[in-house]
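**Q** Predicted model and sequence follow; I will ask about them next.
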Amino acid sequence: MRGPVALVGAGEFLDTMAEFDRGLLAATGRKRPRVVILPTASADDGESVFQSWAEKGVAHFSGLGAEVEPVLVRNACEGRDPSAIQAVGEADLVYLSGGDPRLLLRVFNGSPLGAALSDAHARGAVIAGCSAGAMAIVGRTMDFRVVPKLHLPLPFPVRWPAALGLVEGIAVLPHYNAFPEPLAACFALQAPRGGVVFGIDEHTAVVGRNGAWQVFGAGRITVWRGRRRERFRRGEAFRA
C-alpha cells in the first residue's frame, strides 16, 4: 500500500511543527523510524544554507526519537550515488525541505533519485515535502517569472509543468497566507483545467492517502477547484 504524503506550507524542523512530525513518525509504524532528510532544493542557495537545512533536519527528528540520515544530493550527478539511492530506498520517512522546486525536479528527472522516492512511496514510506519540497512531489508544480532585483513573482503568465506525481491532479501554493489572497488567487486560477490547487498556510500541513486529506497545524488549507474555493482548518478532512 502506498504511504501517506504530507504537504507542509512552511516551518520545517521548527518546534511549531514538532507535534505534527511526531504524528508522521507514528504513521510509519516503527518504534525507531529511519528518516532521510533531503535538502536538495536549497543547494543553489549556497553550501552553508544547504548544510544548515540538513543539520536542522537531523537535530529535529533525532530529538523526536528517530534514526536520521541526511542525504546530501545537490545535483543530478550526486543523485546517481548508490548510497543516496539506498538510503531513500530503506527509509520509513523521507522529508524534502524547501528551496527551489525546479532544482528538485531537475535532480529527480536527471537521476534515479526520483524513481527511488516513488518506489519508497509505493512500498509504504511516508513522503513529506515542505514548501518547494511539497511543490515538487505532487502532480504539477508552479513555475512563475520573477521581477529582477526585487525577487517578486509576476502573477501572469504561470506555467504548470509536470512534477514527480506522487499525488496526481494536485498542485501546491506554499506560504499561502504570506501573500495577498488576490495575488494567490491569480496564480491558482491559471492552473490547468480539472486540477486542484492546495494553498497551504505557513506552519500548516495536509496529509493525504488514496484521495482523502486531513489538515494539521496552526493555519488553513485553501482548496481551489477552478473558480470554486473551500477552506479547511485543523482536524478537518476532505477529498481531492
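**A** Structure received.

**Q** any idea which helix or strand comes after the top helix by length along the chain?
**A** As assigned by DSSP state H, the longest helix anywhere in the chain is helix 47-63. Downstream of helix 47-63, the first helix or strand assigned by DSSP states H and E is strand 67-70.

**Q** ok, then the element right after that following strand?
**A** helix 82-90.

**Q** quick one: contacts of that following helix?
**A** 34, 36, 38, 69, 71-73, 78, 94, 112-113, 116-117, 119-120 (Cβ atoms under 8 Å, 6 or more residues apart in numbering). Any C-beta I mention is one placed from the backbone N, CA and C, and that applies to glycine too.

**Q** quick check: mean pLDDT across that helix?
**A** In this model, helix 82-90 has a mean pLDDT of 98.

**Q** mind saving the C-alpha coords of it as PDB?
**A** Only the C-alpha atoms of helix 82-90 are listed here, as PDB (Å, rounded to 0.1, in the frame of the first residue of the first chain):
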ATOM      1  CA  PRO A  82      24.300   4.400  -4.900                       C
ATOM      2  CA  SER A  83      24.400   5.200  -1.200                       C
ATOM      3  CA  ALA A  84      21.900   8.000  -1.700                       C
ATOM      4  CA  ILE A  85      19.600   5.700  -3.600                       C
ATOM      5  CA  GLN A  86      19.900   3.000  -1.000                       C
ATOM      6  CA  ALA A  87      19.200   5.500   1.900                       C
ATOM      7  CA  VAL A  88      16.000   6.600   0.300                       C
ATOM      8  CA  GLY A  89      15.100   3.000  -0.500                       C
ATOM      9  CA  GLU A  90      15.400   2.000   3.100                       C
END
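
**Q** Flag the shaky bits of the chain, pLDDT-wise.
**A** 149-153, 155 (pLDDT under 70).

**Q** Most neighbours of all the contacts of helix 82-90, which one?
**A** When neighbours are taken as other Cβ atoms under 10 Å, the top entry among these is residue 38 (28 neighbours).

**Q** Find the nearest non-adjacent residue to that one, please.
**A** In this structure, residue 38 finds its nearest non-sequential neighbour in residue 96, 4.8 Å apart by Cβ to Cβ, 6 or more residues apart in numbering.

**Q** Pull the number of nearby residues for the one you found.
**A** 29.

**Q** Likewise for residue 218?
**A** 17.

**Q** Could you do residue 147 as well?
**A** Around residue 147 there are 9 residues (other Cβ under 10 Å).

**Q** Report the contact partners of the residue nearest to residue 38.
**A** 38, 40-41, 104, 127-130, 132-134, 136-137.

**Q** List the contacts of the longest helix of the chain.
**A** 12-14, 18, 21, 25, 35, 37, 39, 42-43, 68-70, 72, 74, 93, 95, 97-99.

**Q** What subset of those is buried?
**A** Among those, the ones that count as buried by 16 or more other Cβ atoms under 10 Å are 12-13, 21, 25, 35, 37, 39, 42-43, 68-70, 72, 74, 93, 95, 97-99.
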